[in-house]
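Chemist: turn this into a structure:
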Amino acid sequence: MPIKSFEDIIAWQKARELYAILYKSLATSKDYSYKDQLLRASLSIINNIAEGFDRGTNKELKQFLVISRGSAAEVRSMLIIAGDLGLLPPDQVKELLVLVKDISRLLTGFIKSISHD
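Modeler: Now for the predicted structure:
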């Protein structure tokens, strides 16, 4: 099935799920700076996929997917810290790390599939 909109991209769908889980999980966190940075980074994954797709060229899409993958790495790093500091339960950190690694893997595959140079 061809991708007709960014909403069809599996990495976007999973990143949307990640953001929703983080938003709800951190709703009562008093560490506003940390929470804001983590939510911004996870939202960056979603929005860069969307913006890159709607740019209309593979070159620009690839550029935005690489940025999105970088944001996923930032989220992974911050989740590890969340576990270290006890900001999220260890089991949830593990589950979220699996999810964000899956998003990164999907982004890498997508980047490879549109790279022709």
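Chemist: packing partners of the helix or strand hosting residue 63?
Modeler: Using DSSP states H and E, residue 63 maps to helix 58-85. Helix 58-85 sits against helix 10-25, helix 32-55, helix 90-114, with contacts defined as 3 or more CB pairs under 8 Å, 6 or more residues apart in numbering; DSSP states H and E. Using the backbone N, CA and C atoms, a C-beta is placed for each residue, glycine as well.
Chemist: buried set for the shortest one?
Modeler: Under the neighbour-count criterion of 16 or more other CB atoms under 10 Å, helix 10-25 has 11-16, 18-19, 21-22, 25 buried.
Chemist: where does this protein have low pLDDT?
Modeler: Counting by pLDDT under 70, the chain shows low-confidence ranges at 1, 116-117.
Chemist: switch the cut-off to 80
Modeler: 1-2, 116-117 (pLDDT under 80).
Chemist: residues in contact with the residue nearest the centre of it?
Modeler: The centroid of the chain falls nearest to residue 45 when counting by CA atoms, centre = their mean (3.8 Å). Contact analysis of residue 45 by CB atoms under 8 Å, 6 or more residues apart in numbering lists 11, 15, 18-19, 68, 71-72, 75, 103.
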